[in-house]
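*Asks:* Below is the sequence, then the predicted model.
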There are 2 protein chains.
Amino acid sequence: MSTQLRADAQRNLARVLDSAAELFAERGCDVSVDEIARRAGVGHATVFRRFPTKDALIAAVVSKQIRDLAAFVEEALVEEDAGEAFRAFVWHAGEIHARDRALYEGLPRCVEMPEVAEAKGELNELIERLIARAQEAGALRRDVAADDVSTLVGSAIRGALDSPEPELWRRYVEVVLDGLSTA
Amino acid sequence: MSTQLRADAQRNLARVLDSAAELFAERGCDVSVDEIARRAGVGHATVFRRFPTKDALIAAVVSKQIRDLAAFVEEALVEEDAGEAFRAFVWHAGEIHARDRALYEGLPRCVEMPEVAEAKGELNELIERLIARAQEAGALRRDVAADDVSTLVGSAIRGALDSPEPELWRRYVEVVLDGLSTA
DNA sequence: TAGTAACCGGACTGGCTCGTCCGTTTCTGG
DNA sequence: CCAGAAACGGACGAGCCAGTCCGGTTACTA
């Protein structure tokens, strides 16, 4: 493994990652690196020292969120009621998208980066298993895959968030879940 | 009314509008004014002479699309089968979003401009009537309004278009329509 | 405690964008 | 055909951004 970072550098790195995650969540991936550095209390050169490019920083934030989500799915997979497990996953993903723009905006921007591609691959595998179980239980249409669910839920929610009504996204998730359930 | 434009100016204005519509459709509203001007065969100062700001140009393109869509809804309103009329509208809007990014990206960017706000107001009124008829016919959930339908359909489709599969959006529209129909 | 490598951030570069200015060209009406 | 108004577009300004450089500072180690 690479050599240990100096203590101050470690602290700064953590602050940068936290600030980036916050700002990406609140205002999307278009916030400037300068602003992230400012919130972290460092110069923006310090950001570029740890992440060769802005996309690499986004990838770090996004891949962490993907791994967190994968952990959730892993738990959902041991639930007895497969249909309920699937719905719980969708609602959980919904909550994430509703309060955090990073995943939805950042993922398409850095799917190519190996770090993110790998995490997404693992997540997708888990989601596929969740889907297959729900389909076998007769609780889910047969013609949907992991990416379909992610895209439908993600974009429906992001669409809802431009509205003044803050909880509108829940109604949209209901509609999508209804559409996804077997007719 | 304002005085007539000179013949060459009229021609250039038309070329600018066409080029802008094409480029916004293909690559979204982030294409630069320079590029639009280049495709139109004019200098970019000519664009700014007709439209004080880039958003004003976007508004011109978007409001035209809205009026076209409103004309379609007006026709749909005289169909006998209210549920079928609603579904036809959704599919039509789907086709538009699937081959044109301008409306989805441009509308949120210039809803404030009176030109666009007015067109959108009229369109929404028509959609509300279409929705009300479908609801009375028992073909549509009671808890959706015009903006909900526009947002759900628009964002589901835009989400589908990042995928390699070009006709994926149709499956997503099916899911949303299923979710919107009465359970 | 002193030497050194790691780290820091202000200043800089280059590129892109929207929007303006002004000298030149082109249309048009008399 | 010609004068003047209208329109044109190249050049410019300002602002923002990602990414680099380098002289000064700070933390670890012996």
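*Replies:* Great, that's in hand.

*Asks:* Just give the nearest non-adjacent residue to the residue of chain A found nearest DNA strand C, would you?
*Replies:* For chain A, the residue closest to DNA strand C is A:G43, as judged by Cβ to the nearest atom of the strand, at 2.1 Å. Glycine gets a C-beta too; all of them are placed from N, C-alpha and C. In space, and not counting its chain neighbours, A:G43 is closest to A:A37: 6.0 Å by Cβ to Cβ, 6 or more residues apart in numbering or on different chains.

*Asks:* Which is the succeeding secondary structure element to the helix or strand hosting the one you found?
*Replies:* Using DSSP states H and E, A:A37 sits within helix A:33-40. Using DSSP H and E, the next helix or strand after helix A:33-40 towards the C-terminus is helix A:44-50.

*Asks:* Other residues contacting that next one?
*Replies:* Contact with helix A:44-50 is made by A:N12, A:L13, A:V16, A:V33, A:D34, A:I36, A:A37, A:R38, A:A40, A:L57, as judged by Cβ atoms under 8 Å, 6 or more residues apart in numbering or on different chains.

*Asks:* Derive a PyMOL selection command for the buried subset of these.
*Replies:* To isolate the buried ones among the contacts of helix A:44-50 in PyMOL, judged by 16 or more other Cβ atoms under 10 Å in any protein chain shown, type:
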select buried, chain A and resi 12+13+16+33+36+37+40+57
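
*Asks:* And the contacts of helix A:44-50, which two are furthest apart?
*Replies:* The distance between the two most remote of the contacts of helix A:44-50 (Cβ to Cβ) is 17.4 Å, for A:L13 and A:D34.

*Asks:* wait, A:V61 sits on A:A21?
*Replies:* Yes. If you go by Cβ atoms under 8 Å, A:V61 and A:A21 touch, sitting 5.0 Å apart.

*Asks:* For A:A98, what are phi and psi?
*Replies:* Dihedral pair for A:A98: phi -70, psi -30, per degrees, to the nearest 10.

*Asks:* ok, the residue nearest to it when sequence neighbours are not counted - contacts?
*Replies:* Setting aside the residues directly before and after it, A:A98 is nearest to A:W169 in space (Cβ to Cβ, 6+ apart), at 5.1 Å. The neighbours of A:W169, taking Cβ under 8 Å, 6+ apart as the test, are A:G94, A:H97, A:A98, A:A156, A:I157, A:A160, A:L161.

*Asks:* Out of the contacts of helix A:44-50, which are close to DNA strand C?
*Replies:* Contacts with DNA strand C within the contacts of helix A:44-50, counted by Cβ under 7 Å from any atom of the strand: A:N12.

*Asks:* so where does the residue most central in space within chain A fall, helix or strand?
*Replies:* Nearest to the mean C-alpha position of chain A, by Cα atoms, centre = their mean, lies A:L103 at 3.7 Å. Using DSSP H and E, A:L103 maps to helix A:102-110.

*Asks:* Same check on A:A60?
*Replies:* According to DSSP H and E, A:A60 maps onto helix A:54-76.

*Asks:* can I assume A:S19 is in contact with A:R39?
*Replies:* Yes. Between A:S19 and A:R39 a contact is recorded at 4.0 Å, counting by Cβ under 8 Å.

*Asks:* of these two, who's got more company?
*Replies:* A:S19 (20 against 16; other Cβ atoms under 10 Å in any protein chain shown).

*Asks:* What about A:D81, how many residues nearby?
*Replies:* Count around A:D81 with other Cβ under 10 Å applied: 13.

*Asks:* about what we covered before: between A:V61 and A:A21, what contacts are shared?
*Replies:* Common contacts of A:V61 and A:A21 (Cβ under 8 Å, 6+ apart): A:A102.

*Asks:* which one of these two has more residues nearby?
*Replies:* A:V61 (24 against 19).

*Asks:* List the contacts of A:I157.
*Replies:* Neighbouring residues of A:I157 by Cβ under 8 Å, 6+ apart: A:G94, A:H97, A:A98, A:Y104, A:W169, A:Y172, A:V173.

*Asks:* Repeat the analysis, applying 6 Å as the threshold.
*Replies:* Contact analysis of A:I157 by Cβ atoms under 6 Å, 6 or more residues apart in numbering or on different chains lists A:G94, A:H97, A:A98, A:W169.

*Asks:* Compile the residues you listed into CSV and extend it with columns for pLDDT and distance to DNA strand C.
*Replies:* As requested, these are arranged in CSV below (pLDDT from 0 to 100; distance: Cβ to the nearest atom of the strand, whole Å):
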residue, pLDDT, distance to DNA strand C
A:G94, 98, 34
A:H97, 98, 29
A:A98, 98, 31
A:W169, 98, 31
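
*Asks:* From the residues you listed, list the buried ones, please.
*Replies:* Neighbour-count burial (16+ other Cβ under 10 Å) applied to the contacts of A:I157 gives A:G94, A:H97, A:A98, A:W169.

*Asks:* Next up, identify which helix or strand the second one is on.
*Replies:* With secondary structure defined by DSSP H and E, A:H97 is part of helix A:82-99.

*Asks:* Now do the buried residues in that helix.
*Replies:* A:82-83, A:85-90, A:93-94, A:96-98.

*Asks:* picking up where we left off before, tell me the angle the helix holding A:A60 makes with helix A:33-40.
*Replies:* Per axes from the mean of the first three to the mean of the last three Cα atoms, to 10 degrees, the angle that helix A:54-76 makes with helix A:33-40 is 60 degrees.
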